[in-house]
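K.L.:
Sharing a sequence plus its predicted fold:
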Amino acid sequence: MIHLVPPEQPSESMLVGCLLAASGGLQDAYTYNVRDQVFANAQTGNMVLIGQSLALGHWVVALEHFIPVMAFAAGVFAAEVVHNRFHSHSQAFHWRQAVVLLEAVILALVAFIPQGLNWLANVLVSFVCAMQVESFRKIKGNAYATTMCIGNLRSGMEQLYYWKKNRNKASLRRAKVYCTVILCFVAGASLGGVASHYWGEHAILICCPLLLVTVILMAWVRRKR
């Protein structure tokens, strides 16, 4: 049985992971469909294009792809700053809640950035993605990611193999957790694709209630402890 909200660690609950994964999928669909077909949540492609552009002497193109990579790096740094700022405070407000609130504010601002500044919108989404990846690393005690699927897919298939080999029920439960997170990411991407078609730049606003519910959920669980 998969418990949606384990009281011992709210940030590692299944429900929090699903909400964040849905938001991550929506962000990727948004930047691709609305902001110049960029996947702002994964930086490997940008690094490949940086190397290729430098080799070909395309300095401007290299710079264009270097900026979101630096925004991602800055997001990781910012998450740790928030961690340090709130870590010693009362448990009534956890540092991860502060990170998610900041994400919601930034994404709300992105919704009003004009098309002529798509590079800025993508930079901000990359920044938000990095903060989320750095702050939420585990679900039910297992490493995972909420803004990309490759690691979750690898881990899920690995646990499925262990279950098939040893009939270990714990491995099967872990496989189900990873598959659920992936499905939530895909669902968020689907919602993002449809919303982008109808609402354009404003579609990213859908992430805000998802993130605010996450903050409320973590606060509620902490009070129940």
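P.N.:
It's in.
K.L.:
these two touch, right, Ile204 and Asp28?
P.N.:
No: assessed by C-beta atoms under 8 Å, Ile204 is found out of contact with Asp28, at 11.0 Å. No exception for glycine: its C-beta is placed from N, CA and C like everyone else's.
K.L.:
between these two, which one's more packed in?
P.N.:
Using other C-beta atoms under 10 Å, the more surrounded residue of Ile204 and Asp28 is Ile204, with 32 against 24.
K.L.:
who's in contact with the residue nearest to the spatial centre of the chain?
P.N.:
A centroid search over the chain (C-alpha atoms, centre = their mean) returns Thr147, at 3.3 Å, as the residue closest to the centre. Applying C-beta atoms under 8 Å, 6 or more residues apart in numbering, we find Thr147 in contact with 20-21, 24, 27-28, 41-42, 129, 132-133.
K.L.:
Output the lowest mean pLDDT helix or strand found in the protein.
P.N.:
Using mean pLDDT, DSSP states H and E, helix 207-224 stands out as the lowest-scoring helix or strand of the chain, at a mean of 84.
K.L.:
ok, and for that one, which residues are buried?
P.N.:
Buried residues in helix 207-224, counted by 16 or more other C-beta atoms under 10 Å: 207-208, 210-211, 214-215, 217-218, 221-222.
K.L.:
And for stretch 129-137?
P.N.:
129-136.
K.L.:
what do you get for stretch 136-156?
P.N.:
Residues 136, 139-140, 142, 144-149, 152, 155-156 are the ones in stretch 136-156 that count as buried (16+ other C-beta under 10 Å).
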